[in-house]
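A.B. asks: below are the sequence and a predicted model; questions follow.
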Amino acid sequence: MPSIRLGRLSQEEDFRRVYREGSRRTTALLVLHARPNGTESVRVGLVVGRRLGGAVARNRVRRRLREAIRAERGRIRSGADLVVVPRRAAAAASYAALRGAVCVALDQAGMGGAAEERGR
RNA sequence: GGAGCAGGCCGGGCGGUCGCGGCGCGUUUCGCGUCGAGGAAAGUCCGGGCUCCGCAGGGCAGGGUGCCGGGUAAUCCCCGGCGGGGGCGACCCCAGGGAGAGUGCCACAGAAACAUACCGCCUGACGGCUACAUCCGUCGGGUAAGGGUGAAACGGCGGGGCAAGAGCCCGCCGGCGGCCUGGUAACAGGUCGGCCAGGCAAACCCCACCCGGAGCAAGGCCAUAUAGGGGGAGAUGAGGCGGCCCGCUGAUCCCCGGGUAGGCCGCUUGAGGUCCCGGGUAACCGGUGAUCCUAGAGAGAUGACAGCCGCGCAAGGGUGCCGUGAGGUACCCCGGCGCACAGAACCCGGCUUACAGGCCUGCUCCCCUG
RNA sequence: GGCCCCAUCGUCUAGGGGACCAGGACGCGGCCCUCUCAAGGCCGAAACGGGGGUUCGAAUCCCCCUGGGGCCA
């Protein structure tokens, strides 16, 4: 449900477009959807479902992910829409583990996004 | 010293670096300053404020509450008292009106579940034995003491009385009714009468009191909109006002097709907290008193990194003491792990539920010492 | 954030205070039938979400938790 600065995704339509047209990378802790948006800005949406736990647990996961993405923002190509969906295991994961998962997913998706753009 | 009861409180602290949200300021791609979750923010179980439904009117239906008195904006909450139950006690628990209005239910067992007689007891007539005694059988009457059933059987114990019995009579207890006394009242105490009537209303119900409905996604404003498109109903009353009716209102409403699904307000200072003074047993109320007031997001702000201190946990080492010993205990040290329950979304008052650890106050019981 | 529903064998359900109380269907296991399988027949295992209360007695009535589901501009 929540999102991040650095450009946030908010509209339901935007989320659906990323799901439909973007690439998808899955790790043990999270799923990353990515799609070039044709602009200079980067927008990120976080989807933290109720299966992650109560409000405190969901807030903790969302804040850690937001911090991890901020720290690793150098790895993101400009002009991308990202949707990060933490999986159930993320609720028990440490910040370091989450940051590692973000790092891996961003590296793979960054290449995928570029390849997809070339294909058009 | 040990066990326990009641009430209240805290719920990690300190300062860095990088980030986030609001507000303010500034030489507005940025910088500076400042503030930034809870006692339950939770469950949404009650009650209010606020907003809209024209007014929030009457009746029915429906729902809620239910000893008495008080507090409050209000309550199913709180305080005080009464009654009942539990505990040696401090104290705790109780939806606790009416079954002497009606309906219904009370399985199984039992004769009978609300008015009855199975066994039994007593007795009359007749018959059977030899005789009016005893015994047995049949028919009738009396009885509710005893047996047995059950969760529950026209009150319990003792005595008198009687053919046997029975509140039939007497004493005590319990219940009911009248009167008197105390209390605002619930009720308590006394006295007289008399023995009359099972339980369940968290079964229907009766009585008393309360409740109009929705909910900030309420509601209001602005902007945008192949467009002001097509069809139908309507002052002989459309439609609306809670589920219905009365009553009120009075010109728009319904369907098809199409568009917008963005911004601003509501949005945080209020039945506000703390202290003091006064009133009250208390809840609470009053005060020209003093002081503190600062989260306000909108896919939804508190996180990351490292340090010091505090607390807890289970292990390791050293020293002292006790013990033959396994071990126990006190202090110190090194490194480690963890720090509960849990996250505001219009706001308040309650209730309920979750919660590592710790602190304070008052009280009870037991043991020891004086 | 607010407002409403629901809960019974593995699944779908019946039962709304005692007795036919925990019944039925599908599924599961065993046996019979058949050369074998299916179908059919017989038998069996299997549940009232949790905790309190009312009652002599709760799946059923009341309260509190827990877990699902739905609606809103």
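C.D. replies: Now that the structure is in, tell me what you want to look at. Numbering: from 1, shown residues only, chains lettered A, B, ... in the order given.
A.B. asks: same question for the strand or helix carrying residue A:62: list its buried residues.
C.D. replies: Residue A:62 is part of helix A:55-71 when elements are defined by DSSP states H and E. Neighbour counts over helix A:55-71 (16 or more other C-beta atoms under 10 Å) mark A:58, A:60-62, A:64-66, A:68-69 as buried. In short, each C-beta sits where N, CA and C put it, glycine included.
A.B. asks: in CSV: the residues you listed, plus pLDDT and distance to residue A:109.
C.D. replies: Converted to CSV, these look like this (pLDDT from 0 to 100; distance: C-beta to C-beta, whole Å):
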residue, pLDDT, distance to residue A:109
A:58, 85, 23
A:60, 86, 24
A:61, 87, 20
A:62, 87, 20
A:64, 88, 19
A:65, 88, 15
A:66, 86, 17
A:68, 88, 14
A:69, 86, 12
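A.B. asks: before we move on, back to that, what strands flank whichever helix or strand comes after the helix holding residue A:62, and is each parallel or antiparallel?
C.D. replies: Later in the chain than helix A:55-71, the nearest helix or strand by DSSP H and E is strand A:80-86. With DSSP bridges as the test, strand A:80-86 is paired with strand A:30-36 (antiparallel), strand A:43-46 (parallel).
A.B. asks: what's the closest of the ones you listed to RNA strand B?
C.D. replies: strand A:43-46 (5.4 Å; C-beta to the nearest atom of the strand).
A.B. asks: all set, thanks.
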